[in-house]
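1. Sharing a model that was predicted from the sequence below.
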Amino acid sequence: QVQLVESGGGLVQAGGSLRLSCEASGRTFSRYAVGWFRQAPGKEREFVAAIGWSGGSTYYAASVKGRCTISRDNAKNTVYLEMNSLKPEDTAVYYCAADLRVVTTTASGFTYWGQGTQVTVSS
C-alpha cells in the first residue's frame, strides 16, 4: 500500500508556472506507475499526465502537451508535474494517483489517490 501527498499548488497569473509534487510513503514506490488528474468545479475528473515506474514512459493529455512535464525521482519517492504557460482553464484540484499495474491514462487504472492540491490561474 502507498500513501500520496500532493503539494505545490497555489494562485498564479496566466502565463505563469507551477511545479506540483506527489510524495509517497512506502519503500516500493519505484514499482508504481503514477498519474496526475484534475477536477474543476462542476466537471468530471480528467487525465493530465502519467509516468511509468522507471520514468521511461510518459503520457500527456492533449490539453497540456507541450506545457507540462511529468518526472519522477524514485530515490525521493516523489513524482513532479511541471506546468508552464498556465491558462485560466487549468484551474482545478490536481490529484496524483498510483498503481502497480501498467501505466494508464484512465482514472480507473489507479488504486491509490492523494487528497489533491488546488491550482488557481487568474486571467
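-> Okay, I see it.
2. Give me the neighbour count for the closest residue to Gln13 other than its chain neighbours.
-> Spatial nearest neighbour of Gln13, excluding adjacent residues (CB to CB, 6 or more residues apart in numbering): Ser122 at 5.5 Å. Just so you know, the C-beta spots here come from the backbone N, C-alpha and C atoms, and that holds for glycine as well. The number of residues packed near Ser122 is 11, by other CB atoms under 10 Å.
3. Tell me where the chain has strands.
-> With strands called from DSSP state E, the chain shows them at 4-7, 10-13, 18-24, 33-39, 46-51, 58-60, 68-73, 78-83, 92-99, 112-113, 117-122.
4. so which of the ones you listed gets nearest Thr106?
-> strand 46-51 (6.9 Å; CB to CB).
5. Just want the angle from that closest one to strand 18-24.
-> 70 degrees (axes from the mean of the first three to the mean of the last three CA atoms, to 10 degrees).
6. What are the buried residues along strand 46-51?
-> Within strand 46-51, the residues scored as buried using 16 or more other CB atoms under 10 Å are Phe47, Val48, Ala49, Ala50, Ile51.
7. neighbours of Arg38, just the number please.
-> Residues near Arg38, counting by other CB under 10 Å: 24.
8. heads up, I number from 119, so please use that
-> Sure, I'll start numbering at 119, so the last one becomes Arg156.
9. Could you report the distance from it to Trp171?
-> Counting by CB to CB, to the nearest Å, the gap from Arg156 to Trp171 is 22 Å.
10. hmm, back to that, could you dump the buried residues of strand 164-169 to JSON lines with pLDDT?
-> Converted to JSON lines, the buried residues of strand 164-169 look like this (pLDDT from 0 to 100):
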{"residue": "Phe165", "pLDDT": "98"}
{"residue": "Val166", "pLDDT": "98"}
{"residue": "Ala167", "pLDDT": "98"}
{"residue": "Ala168", "pLDDT": "98"}
{"residue": "Ile169", "pLDDT": "97"}
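11. With that, I have no additional questions.
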